[in-house]
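Student: pasting the sequence and the predicted coordinates here, then a few questions.
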Amino acid sequence: MSSEEARVQAFVTGFGALRAEVEKVIVGHREIITNVLTGLFAGGHVLLEGVPGLGKTLLIKTLAEGLELSFSRVQFTPDLMPADIIGTNIIFEDADGRKHFQFQHGPIFGHILLADEINRATPKTQSALLEGMQEGSVTVGGASRPLPAPFFVLATQNPIEMEGTYPLPEAQLDRFLFKLRVRFPAIDELNAIIDRTTQSRHVTVSRVMSGPTVLSFRELIREVPVASHVRDFASTIVMATHPQWEQAPDVARRFVRYGASPRGAQALVLGAKVRALAEGRYNVSVEDIKALAAPALRHRVILNFEGEAEGVDADTLIGQVVAAAEAVTVQGKELFLR
């Protein structure tokens, strides 16, 4: 076995072991768990949306227990301030009675940050995470302070139709690699949840992966090659979400105000690399791109007034856009062969 094959096998084993630890506690939601782990290894951040009580917070806490990384949790509320997340300079008096400023670190200085019910806080506070999510550092009092690596934000939010919520700004949403919708469990899953949570049995989650291992796997992900036709397909999907593109499908022209940003294409390709590697493949397929289109793009496509009024579902729209992009790609191949 070559060193490359050994590294791929180590990733497959580590990915499976970490998912198995989370599934000791979380019933169902296998696709959600897989996509959260995909976000972790792709080096992005993940937003989970669902009504209260579906296990979003528990899933994130369980994932943190399976990793040898520091964990911080912030419960977002309307009166939360940016300094409550980032930290602040406080006046400190030393043994000689001299006073000076000392920086008190906020909860953002952890490897895994759970931003619970992020859309309960005001946009001003939500935006406090922007720099940290993009740059891996925060600026306080004119000084830039690096965040620990790996740094991974997992945020939960309730549907924006619920009372007391503030929609996340578009710039904030775009920083999340994936947005995942947590569904209500099926009846057999609900029965399993009742059995697990109403009995005295306690489940212990083992730590199966360290920070340096996560970082080394992230480097491995970046090395996975992507064929030009797969890359072109990802780019075509993103372009097809823009109504002004000359080959945009009718559904985008009619219902979309703004299409996905280049980060959407990056999310598609990086996520597809993780998906391929987790299945033991050192090459990315078109199916990998298609499987991650909804998580990577559903929060990046902004509907226009007609789309909002018609109640257009973002996932349905993205499915139609992917089909249109596939047709454009096939048509382009045929023209090339002629």
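Tutor: Alright, I've got the coordinates.
Student: state the mean pLDDT of the helix or strand harbouring Arg73.
Tutor: Using DSSP states H and E, Arg73 sits within strand 71-75. Predicted confidence along strand 71-75 averages 89 (mean pLDDT).
Student: residues contacting that strand, please?
Tutor: 61, 64, 80, 84-85, 107-117 (CB atoms under 8 Å, 6 or more residues apart in numbering). Glycine gets a C-beta too; all of them are placed from N, C-alpha and C.
Student: what do you get for stretch 240-252?
Tutor: Residues from elsewhere that reach stretch 240-252, judged by CB under 8 Å, 6+ apart: 239, 253-254, 256-260, 264, 297, 300-301, 317-318, 320-321, 324-325, 328.
Student: buried set for that stretch?
Tutor: Using 16 or more other CB atoms under 10 Å as the test for burial, stretch 240-252 gives 240-243, 245, 248-249, 251-252.
Student: save these as CSV, and put in secondary structure, distance to Val203 and pLDDT too.
Tutor: Listed next are the buried residues of stretch 240-252 as CSV, based on DSSP: H, G, I helix; E, B strand; the rest coil; distance: CB to CB, whole Å; pLDDT from 0 to 100:
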residue, secondary structure, distance to Val203, pLDDT
Ala240, helix, 44, 93
Thr241, coil, 42, 93
His242, coil, 47, 93
Pro243, coil, 49, 92
Trp245, coil, 50, 89
Ala248, coil, 49, 88
Pro249, coil, 47, 89
Val251, helix, 45, 91
Ala252, helix, 46, 90
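Student: inside strands: which ones of the contacts of stretch 240-252?
Tutor: Counting by DSSP state E, the part of those found in strands is 256-258.
Student: can you pick the most crowded of these?
Tutor: Val256 (26 neighbours; other CB atoms under 10 Å).
Student: what about the helices in the stretch 201-338 of the chain?
Tutor: Under the criterion DSSP state H, counting those that start in this stretch, helices of the stretch 201-338 of the chain are mapped to 211-223, 228-240, 250-255, 262-278, 286-291, 293-297, 305-310, 314-337.
Student: right, so those helices: which one is the most enclosed?
Tutor: Of all the helices of the stretch 201-338 of the chain, helix 293-297 carries the top mean neighbour count, a mean of 27, counting by mean count of other CB atoms under 10 Å.
Student: hmm, who's touching that helix?
Tutor: 35, 177-180, 237-238, 241, 260, 264, 267-268, 271, 314-315, 318-319, 321-322.
Student: averaging pLDDT over each of the helices of the stretch 201-338 of the chain, which comes out lowest?
Tutor: Among these, helix 314-337 carries the lowest mean pLDDT (a mean of 76).
Student: quick check: nearest residue in space to the residue nearest to the spatial centre of the chain, chain neighbours excluded?
Tutor: Nearest to the centroid of the C-alpha atoms of the chain, with distances taken as CA atoms, centre = their mean, sits Val46, at 1.9 Å. Sequence neighbours aside, Gly39 is the residue nearest to Val46 in space, at 4.0 Å (criterion: CB to CB, 6 or more residues apart in numbering).
Student: on that earlier part again, can I get the buried residues of stretch 240-252 in TSV with distance to Glu306?
Tutor: Listed next are the buried residues of stretch 240-252 as TSV, based on distance: CB to CB, whole Å:
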residue	distance to Glu306
Ala240	18
Thr241	16
His242	16
Pro243	11
Trp245	18
Ala248	15
Pro249	15
Val251	11
Ala252	12
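Student: any idea how many residues pack against Pro107?
Tutor: Neighbour count for Pro107, taken as other CB under 10 Å: 17.
Student: show me the shaky parts of the stretch 51-200 of the chain.
Tutor: Along the stretch 51-200 of the chain, the parts satisfying pLDDT under 70 run over 160-164, 200.
Student: go through the buried residues of stretch 240-252 and name the one nearest Thr204.
Tutor: Thr241 (44.3 Å; CB to CB).
Student: quick check: phi and psi on that closest one?
Tutor: Thr241 adopts backbone torsions of phi -80, psi -10, taken as degrees, to the nearest 10.
Student: against Ala293, how distant is it?
Tutor: 10 Å (CB to CB, to the nearest Å).
Student: next: Val203.
Tutor: Counting by CB to CB, the gap from Val203 to Ala293 is 34 Å.
Student: ok, of the contacts of strand 71-75, which one's closest to Asp195?
Tutor: Using CB to CB, Lys61 comes nearest to Asp195 of these, at 20.4 Å.
Student: so which helix or strand takes in Leu180?
Tutor: strand 178-181.
Student: who touches the very next helix or strand once past that strand?
Tutor: For strand 178-181, the succeeding helix or strand toward the C-terminus, using DSSP H and E, is helix 187-197. For helix 187-197, contacts defined as CB under 8 Å, 6+ apart pick out 25, 27-28, 55, 185, 203.
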